Structure formats: structure tokens, C-alpha cells
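[1] I'll drop the sequence and a predicted model, then ask my questions.
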Amino acid sequence: MSTYNFSAGPAVMPKPVIAQIQAELPSFQGSEMSIMEISHRSQLFDQVINEAEADLRDLMQIPDNYRVLFFQGGGTLQFTAAPLNLATKHHHIGLLDSGHWASRAAEEARRVNTQVDILGTAAPTHFTTLPRLNKPVDQTLDYVHITTNNTIEGTAYTALPETGQVPLVADMSSNFLGQVYNVNDFGMIFAGAQKNLGPAGLTIVIVRDDLIGHAKQLPSMLDYQLFADKRSMFNTPPVFAIYAAGLVLKWLKAQGGLNVIEQRNRVKANLLYDFLDQSTLFNCQVKPADRSLMNVPFVTGNPDLDAQVIAGATKHGLLNLKGHRLVGGMRASLYNAMPLAGVQALVDYLAAFEADHAKGEFENVSN
């Protein structure tokens, strides 16, 4: 029986990458030292971090006037770092409230004395749709924050909001490298690695040159200009996480790049959404136009039945389908490394469960 990991994060990684990590772990590039032992000041690691940045720039077509920074602290730390570094003129930002992580970003910005205007919210639809701007953006705002993909709620932006001259800052944590965006459309992008890029412990920040260096007396570990000047090595960086992410980036390039990856992700997501939309038992409540390619939440409407679906799925090798505690039900995360065969196995299992439920036999599905 094949096993497939549908976790929302830390998430599935490409099997060839895991195999390479396993093979290289005792002695990295013949050094007789593990990647977990080498100095971040060594030529060995210089090659690792330089190639990772170069491959990321190539994949995303990152212009020369954007810095690529390697941070720790997850996307959550950037909820604080972004306003401290970028909201330096008026200490005033706008935000589109698309769900839990957008709300958390607003809370953290307010903690550092940044005024946050909620420019739109999806709360009236229980976050089953995306909020849109209902009027032109105030051009005195320091930036507008969006969450491009809402991991918990299962929504994602394809068309970006029009913000005029106000920079757009994107928390791209859960669809980073999973679909194509034009970096020039953003003043800054940040993403925790643990969805599509690698193990937890690394956060990528891509920020336009002219937006940094204006903040005064920041804590060093939050200072974008300092990290840019120090090539992300003000302190010891997460060496292993950067190494693993670099391998994933090379794997992505070998697959044909982000256009190919996005198309694969659309095929996978459409397979699952098409099943859910014709199902009489399972329901995805997200508006079709706003659905995520990465995270697909669905329910039966009966929490006890949902629990039986999850238990049966686990016995069939379909792991980590339990929905987030805020929304319940099930959630299938279809990140880049999830093969089409895994999604097909999930659809086959759900179809069989539905058929047995219709016959009154669903209690035996997990036996």
C-alpha cells in the first residue's frame, strides 16, 4: 500500500530530495562532515547558499533590484519585521482580511504601533470567499498586506488587488513556488519554507531595494538592510534548512520550472474539486473562483462522520487529512511534491466511502 502525506505543513517533500539528503548526510561533498556540522563561514556553505539564491532567482525571475534574504522565525516573525522595516513614513498599513493568518498579521503589526486599516474582509462569508478592495487605496499607506493563499480556509488570490503606488506585501507561505506570480507586482514577498520549499526553520524574504534601509535602531535580527548587507549571515543561518531548500529548488528546475509545476498543481486540484462538486456526501464550501490549488478543505456536515472518514483514510495510507481546528472537517494539501497518484488515491477512497455510506455500510469502511 502506498502512503501519501496530505499535511498542511510541515509538508511532503520530493522523494528524490529526501533520498539525496539521506545519501549525503554522513559526508557532504566528500568532506567527511555532515551538512549539519559544516561551518556557515566555509566555502562549502558559500556554494550552498549562493546556488540556492541563484536557483530561486531563476525560477521566479527575480529582478536585480530585489534582495533575497534567508531568515529564521517563520512567516510569523515577518508579521513584525515587515511593518518595522517598511512602515517607516506613516506607520500606517492596509490589509485584506482573508482569514486566520491575515488576522494574525494585523495583530502583530499593531503590537509595534502600526495603524492597520482593514480594507476588506471575508468574515461575512465565513472566509469561504476572498475579500476585495471596495474603494481606491489611500496612497499615503506605507503598504498593503495580503495573504496570497489561505492555508486554513482554502482560498487563494490569482488576480492581485490594484494598490496604485502603494507597495503590495504578500505572505506567500503556502503557495510559494506552487503557482506563478510576477515578482515586480510586489514590494515584498515572504514565505515560510515548510510547505513547498523544505523543512521548517527557514523563511524567504524577497524585498525591493528601495523599500529597505529607512528604519532606525531596529533589533539586528529584524533588520532587512543588515541582513542584505551581511548576505543573510549576521548570525548562524539555518544551514541544514537552506541546504534542503536548495535541493528542492534544483528539483523544481529539473521538473521544468514553475509554469510546469503550476499546471500539474491545477490538474491535481481539479481532480479533487471535480469529485467534491459532484458528490452528494462531501462538500467544499469555498467559492469556485477563489479556491486554492494547495489546500482543499471539505466536510460531510457531520463531525462524527468526518472523524470516520479520517480514520478510514489513515488506514488506507492517506495521512494527515484532519482539518484545522478552526474549521474542522477534512483538508487535503496538494503541494508540489504530492503526486497525481496520491490525489487519485484520495478520490478513489472518498468515492468508495460515499458508496458504502449510501448503502448504510460506512461504519465498516475503516475496518
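    Everything's here; your move. From a predicted model like this one, the values you see are computed outputs, not experimental measurements.

[2] can you give me the helices in the stretch 51-200 of the chain?
    Applying DSSP state H, counting those that start in this stretch to the stretch 51-200 of the chain gives helices spanning 74-86, 100-111.

[3] Out of these, which gets nearest to Asn196?
    helix 74-86 (12.7 Å; C-beta to C-beta). Just so you know, the C-beta spots here come from the backbone N, C-alpha and C atoms, and that holds for glycine as well.

[4] That closest one: which residues count as buried?
    74-86 (16 or more other C-beta atoms under 10 Å).

[5] Specify the angle between it and helix 100-111 in degrees.
    On the basis of axes from the mean of the first three to the mean of the last three C-alpha atoms, to 10 degrees, helix 74-86 is oriented at 40 degrees to helix 100-111.

[6] Which strands or helices does helix 74-86 pack on?
    Packing partners of helix 74-86 (3 or more C-beta pairs under 8 Å, 6 or more residues apart in numbering; DSSP states H and E): strand 66-71, helix 100-111, strand 168-171, strand 188-192, strand 203-208, helix 224-229.

[7] need the ones you listed in a markdown table with mean pLDDT, can you?
    Shown next, in a markdown table, are those (pLDDT from 0 to 100):
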| stretch | mean pLDDT |
| --- | --- |
| strand 66-71 | 98 |
| helix 100-111 | 98 |
| strand 168-171 | 98 |
| strand 188-192 | 98 |
| strand 203-208 | 98 |
| helix 224-229 | 97 |
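
[8] Nearest to Tyr243, out of the ones you listed?
    strand 66-71 (11.2 Å).

[9] For the top helix by length along the chain, name the packing helices and strands.
    Looking across the chain with DSSP state H, the single longest helix is helix 258-278. Applying 3+ C-beta pairs under 8 Å, 6+ apart, we find helix 258-278 packed against helix 239-255, strand 295-298, helix 340-358.

[10] okay, the ones you listed, which one's buried deepest?
    For the helices and strands packed on helix 258-278, the largest average neighbour count (mean count of other C-beta atoms under 10 Å) is found in strand 295-298, namely a mean of 26.

[11] contacts for that one?
    8, 149-154, 174, 269, 272-273, 276, 282-286, 323-324, 327, 329-334 (C-beta atoms under 8 Å, 6 or more residues apart in numbering).

[12] what's the angle between the helix or strand following that strand and helix 340-358?
    Going down the chain from strand 295-298, the next helix or strand is helix 303-315, by DSSP states H and E. For helix 303-315 against helix 340-358, the angle by the same axes, to 10 degrees is 140 degrees.

[13] Pull the contacting residues for Ile35.
    Contacts of Ile35 (C-beta under 8 Å, 6+ apart): 24-25, 28, 48, 239-240, 243.

[14] Pull the contacting residues for the spatially most central residue of the chain.
    Centroid-nearest residue in the chain, with C-alpha atoms, centre = their mean: Ser174, separated by 1.4 Å. Residues in contact with Ser174 (C-beta under 8 Å, 6+ apart) are 8-9, 149-151, 195-196, 292, 294-295.

[15] Quick check on it: phi, psi?
    phi -100, psi 0 (degrees, to the nearest 10).

[16] how much space between it and Glu53?
    22 Å (C-beta to C-beta, to the nearest Å).

[17] And for Thr147?
    In terms of C-beta to C-beta, Thr147 sits 24 Å off from Glu53.

[18] out of these two, which sits in the more crowded spot?
    Using other C-beta atoms under 10 Å as the criterion, Thr147 and Glu53 rank with Thr147 on top: 29 against 21.

[19] Correct me if wrong: that one contacts Leu95.
    No: using C-beta atoms under 8 Å, Thr147 makes no contact with Leu95, being 9.1 Å away.

[20] Need the overlap of contacts for these two.
    By C-beta under 8 Å, 6+ apart, Thr147 and Leu95 have these common neighbours: 102, 105.

[21] got any ranges where this protein has weak pLDDT?
    Scanning the chain for pLDDT under 70 picks out 361-367.

[22] Apply 90 and report the result again.
    1, 134, 216, 325-328, 358-367 (pLDDT under 90).

[23] Hmm, Met13 and Met338 touching each other?
    No: the pair Met338 / Met13 is not scored as a contact, 10.2 Å apart, by C-beta under 8 Å.
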